[in-house]
Each structure stands twice: as C-alpha cells, then as structure tokens.
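Student: predicted coordinates and the sequence they were generated for:
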Amino acid sequence: MKQFLVRELPRNPYSLSFYSNQERSDLKRTLLDAFSKAQDQILVSVYSMTDPDIIKKINEKAKSGVNVSIFIDKKHLKSLAKKMDSNVLVQKKKQRGLMHEKIFLIDDLIFIGSSNLTTTSLRMHDNLMVGYIHRELTNRLRNYYSNDAPFIFWDPTCGIHFFCLPSPEALAHILTHIKQASKQIDIALFTFTHPKILKALIEANQRGVKVRVLLDYLSTLGASRFVAARLKEEHIAVYHNRGLQLMHHKMALIDQKIFILGSTNWTRSAFERNQDDLIIFSQLEKRQLKKVIKIFQHLFWESEKND
C-alpha cells in the first residue's frame with residue numbers, strides 16, 4: 001500500500017513545488033492544506049470534482065467568507081451544484097469541446113497539473129501538480145475567468161510560457177521545442193494522437209535524439225494505438241503503466257531542460273476544441289530539474305516496455 005507524504009506549499013514569489021504520485025506526494029492532503037489556508041479567494045477550474053473532503057473544505061471556506069468560484073465541464077455542472085454551499089458560484093464556460101482544465105487558484109498560489117478533484121485521481125491515478133506563486137499570472141488567470149478572455153502569457157525573467165487552449169500557438173511551441181531537441185525527449189501522456197507531434201518525434205529520432213514515450217496502457221489499446229504502433233515501427237521506445245491506475249500525466253521533458261505540463265493531452269481536440277491549459281518552464285533551477293528528472297525516472301522504472 002502506498003505511503004503518502006504531505007509536502008510543504010510554496011511560500012515565496014516565483015517559488016515552485018512539484019507534487020507527484022511517483023514520489024508518493026499526497027495530492028489530496030496538499031490541496032486540502034492549501035484550501036484551508038485561503039483568506040480571500042478560491043477559484044477552481046476542473047473537469048470533474050467529486051471528492052467529499054475537498055467539497056466539504058471548500059464549502060467551509062465559502063461559509064467563512066472566502067470568495068469561491070468553480071468552473072466545471074457542463075456534464076458535471078448539475079451534480080456538483082447540488083453539493084456546494086449556496087455561497088459557492090458553480091458555473092460553466094462557453095465550450096465547444098470539453099472543459100478540461102485543472103487549475104486551482106488559492107489567493108496568490110496557483111496549482112496547475114493533470115489531476116481532477118476526484119478521490120481516484122488524487123489518490124490512485126498517476127498525476128502531477130505544480131504549485132507556483134506568480135502574482136502576474138494569477139491576475140491574468142482571474143481576468144480570464146472573470147471576462148472569458150483567453151490569453152498567452154510569457155515571463156522571460158523566470159522562463160515560463162502559459163497558454164489557454166484551444167490554441168495553435170501552444171501546439172507551435174511544442175513542435176518548436178521538439179524540433180530544437182538535440183539529446184533526449186521523455187514524454188508521459190494519457191492520450192497521444194496528434195499527427196504533427198508524432199511526425200516531429202519521428203524526425204527527432206532520425207537525427208539521433210533519444211526519444212521515450214510513456215502512454216496509459218488502455219490508451220495504447222484504444223485512442224493512442226496508432227501512434228504507439230507508428231512509434232515502434234520507427235524503433236522509438238514506447239512504454240505503458242502497470243497496475244489498475246490510469247497513467248494520467250500530460251508532460252514532457254526535453255534535453256533535461258524544457259519542462260512541459262498541464263491538462264492537455266496531445267490530441268487535435270485538445271489544441272483545437274477543448275478548454276485546456278499548458279505551461280512550459282524553460283529556466284528551472286538545478287534542484288527543480290533534478291526533481292523532474294527523478295519523477296520521470298520513477299515513471300519509467302514503474303512501467304513496462306510495449307513490445
């Protein structure tokens with residue numbers, strides 16, 4: 001049985017913390033801790049939210065006077081609204097595809113990652129969240145949710161690039177980073193079907209870049225089966241998770257320098273239809289890079305090569 005660890009929240013501007021099942025981080029306790037510390041505002045944008053302890057904590061904060069807003073996919077809107085306190089604003093945004101974001105704002109603290117607010121997502125499935133304090137990005141996100149104003153945000157001082165999807169620019173940046181890779185590309189995705197990214201990875205492999213792709217096991221039998229087969233044809237290493245949990249990550253590490261993550265599966269729907277989020281870190285500190293590299297090491301150690 002997994003022994004979960006509760007890790008500290010970021011405290012200072014531009015500080016960054018990683019929370020991953022691969023390091024036995026307790027994603028649920030981390031978020032409960034963060035929500036309990038909210039003084040002014042909680043803003044949640046997520047595909048699904050059913051964990052009873054998370055719901056209870058957010059209701060408590062709303063009753064205490066904290067301003068709480070929740071954006072959720074239209075499929076889950078009615079069921080969630082019935083569980084929330086009358087002080088909580090539960091709403092959906094205009095959507096063509098899925099409202100698939102996983103963003104949690106607690107005062108100045110931002111969480112971005114792959115986890116829904118369900119018990120299985122937080123405690124069973126493979127996920128990663130980044131906790132980050134960046135007040136300008138927080139303000140841009142608040143404006144986005146208040147005025148339905150999708151945006152692209154670039155901060156060269158700390159090397160972060162944030163995208164609201166759908167966005168052709170987000171896809172273009174991923175393709176550029178893959179095309180500029182010179183040594184190694186590690187990818188962990190729940191679903192991977194995008195033909196342009198597949199082509200870029202094949203070309204990277206052909207010029208000598210070491211490429212490893214980890215996919216969810218069921219996805220390799222379903223939505224991602226064509227990509228998995230095509231990668232193997234090109235002698236690119238393809239792995240899948242073991243066990244009953246979903247391999248729900250949506251991230252990549254390029255040349256052990258560029259870290260890409262968010263709620264975005266690498267599919268046409270994600271970049272062209274869904275409401276998703278993507279963030280690219282290009283100036284991580286050495287200790288942060290070591291953390292990311294360690295997470296990927298654990299992922300591949302725990303996985304099986306798809307032969």
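Tutor: Perfect, thanks for sending it.

Student: which stretches of the stretch 1-150 of the chain form strands?
Tutor: Secondary structure of the stretch 1-150 of the chain (DSSP state E, counting those that start in this stretch): strands at 16-20, 41-46, 67-72, 89-91, 102-106, 109-113, 128-133.

Student: columns mean neighbour count and mean pLDDT on top of those, output as CSV?
Tutor: Where you see a C-beta, it was placed from the backbone N, CA and C, and this is true even at glycine. Converted to CSV, the strands of the stretch 1-150 of the chain look like this (neighbours: other Cβ atoms under 10 Å; pLDDT from 0 to 100):
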stretch, mean neighbour count, mean pLDDT
strand 16-20, 22, 94
strand 41-46, 22, 98
strand 67-72, 21, 98
strand 89-91, 15, 97
strand 102-106, 24, 98
strand 109-113, 23, 97
strand 128-133, 22, 96
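
Student: stretch 19-38: which residues count as buried?
Tutor: For stretch 19-38, a neighbour-count test (16 or more other Cβ atoms under 10 Å) marks 19-22, 25-35, 38 as buried.

Student: next: stretch 240-251.
Tutor: Those would be H240, N241, Q245, L246, M247, H248, H249, K250, M251, for stretch 240-251 by 16+ other Cβ under 10 Å.

Student: check whether the fifth one really touches Y217, as I assumed.
Tutor: Yes: contact status for M247 versus Y217: in contact at 7.0 Å, counting by Cβ atoms under 8 Å.

Student: ok so, going back, could I get the strands of the stretch 1-150 of the chain in TSV, plus columns for distance to P195?
Tutor: Listed next are those as TSV, based on distance: least, Cβ to Cβ, whole Å:
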stretch	distance to P195
strand 16-20	29
strand 41-46	29
strand 67-72	30
strand 89-91	35
strand 102-106	25
strand 109-113	26
strand 128-133	26
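
Student: which of these sits closest to H173?
Tutor: strand 109-113 (15.9 Å; Cβ to Cβ).

Student: what pairs with that closest one, parallel or antiparallel?
Tutor: strand 102-106 (antiparallel), strand 128-133 (antiparallel) (DSSP bridges).

Student: for those strands, which one sits closest to A270?
Tutor: Using Cβ to Cβ, the strands paired with strand 109-113 put strand 102-106 closest to A270, at 12.6 Å.

Student: which stretches of the stretch 151-300 of the chain form strands?
Tutor: Using DSSP E, counting those that start in this stretch, strands in the stretch 151-300 of the chain cover 152-155, 160-165, 184-189, 210-215, 237-241, 250-254, 258-262, 276-281.

Student: out of these, which comes closest to D73?
Tutor: That would be, of those and by Cβ to Cβ, strand 276-281, which comes in at 11.5 Å.

Student: same for that closest one, what does it pack against?
Tutor: Strand 276-281 sits against strand 160-165, helix 168-180, strand 258-262, with contacts defined as 3 or more Cβ pairs under 8 Å, 6 or more residues apart in numbering; DSSP states H and E.

Student: deepest-packed of those, please.
Tutor: Each of the helices and strands packed on strand 276-281 was scored by mean neighbour count; the highest is strand 258-262, a mean of 24, by mean count of other Cβ atoms under 10 Å.

Student: now do the top helix by length along the chain: distance to the chain's middle.
Tutor: Identified as the longest helix of the chain according to DSSP state H is helix 286-301. For helix 286-301, the separation from the chain centroid amounts to 16 Å (computed by Cα atoms, centre = their mean, to the nearest Å).
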